[in-house]
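S.K.: for reference, the sequence and a predicted model appear below.
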Amino acid sequence: MNDQSFDEAIFRIEKTGKNQHLNIEAFYFLRDALDASTLKYKKDKKNKHFTGAELCDAIAEYALENYGHLAYFVLSRMGITKTEDFGLIVYALINEGIFGKTAEDKQSDFDNVFDLKEKLYNPMFPNTINQNK
């Protein structure tokens with residue numbers, strides 16, 4: 001995939017008016033997280049497919065690696081506050097032909113995988129999680 005086709009897909013997604021709570025940066029973040037995770041976890045395997053739950057874990061890990069204790073804040077500024085938002089982005093990109101899926105995949109695979117705020121706060125500040133809800 002080249003950057004121009006990705007940019008065009010994002011433009012078309014934005015034009016539909018769906019998922020307006022998500023910033024354009026959220027789509028680029030998810031693409032980068034998927035690219036990095038594929039290299040990290042699937043580089044020696046023929047099947048480079050992630051399940052919804054695997055992708056949620058990989059995205060959260062990528063966010064922590066890149067943003068540290070600010071990960072949840074950065075993602076929430078992009079409009080990503082729950083794992084369902086990952087699914088919205090993934091399926092918008094699937095509908096544009098940017099990402100692929102298997103017959104078993106469904107958008108609901110991203111629903112309530114884990115509490116994103118807890119997952120991103122807990123590693124750095126385990127004693128503050130209950131104070132920030």
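M.R.: Everything's here; your move. Residues are numbered from 1 along each chain as shown.

S.K.: list the contacts of the nearest residue to Lys82 once chain neighbours are set aside.
M.R.: Among residues not flanking Lys82 along the chain, Leu116 sits closest, at 5.3 Å (C-beta to C-beta, 6 or more residues apart in numbering). Heads up, the C-betas are built off the backbone N, CA and C, glycines and all. For Leu116, the set of contacting residues under the criterion of C-beta atoms under 8 Å, 6 or more residues apart in numbering consists of 60, 72, 75, 80-83.

S.K.: just the ones in helices from those, please.
M.R.: Here DSSP state H is the test, and the contacts of Leu116 give 60, 72, 75, 83 as lying in helices.

S.K.: in this protein, which helix or strand is least confident?
M.R.: In the chain, no helix or strand scores lower on mean pLDDT, DSSP states H and E than helix 3-16, which sits at a mean of 85.

S.K.: coming back round to it: how about the ones in helices among the contacts of Leu116 in a markdown table, adding pLDDT and distance to Ala103?
M.R.: Conversion of these to a markdown table gives the following (pLDDT from 0 to 100; distance: C-beta to C-beta, whole Å):
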| residue | pLDDT | distance to Ala103 |
| --- | --- | --- |
| Ala60 | 95 | 26 |
| Tyr72 | 94 | 33 |
| Leu75 | 97 | 30 |
| Thr83 | 97 | 22 |
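
S.K.: which parts of the chain are helices?
M.R.: Listed from the start of the chain, the chain has helices (DSSP H) covering 3-16, 24-41, 52-67, 71-78, 83-95, 116-121.

S.K.: could you redo those helices as a markdown table and give each row distance to Glu104?
M.R.: Formatted as a markdown table, the entries for those read as follows, by distance: least, C-beta to C-beta, whole Å:
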| stretch | distance to Glu104 |
| --- | --- |
| helix 3-16 | 24 |
| helix 24-41 | 18 |
| helix 52-67 | 10 |
| helix 71-78 | 27 |
| helix 83-95 | 14 |
| helix 116-121 | 24 |
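
S.K.: indicate which one of these is closest to Lys106.
M.R.: Across the helices of the chain, Lys106 has its closest neighbour in helix 52-67 (7.9 Å, C-beta to C-beta).

S.K.: so what's the residue count around Asp115?
M.R.: The number of residues packed around Asp115, counting by other C-beta atoms under 10 Å, is 14.
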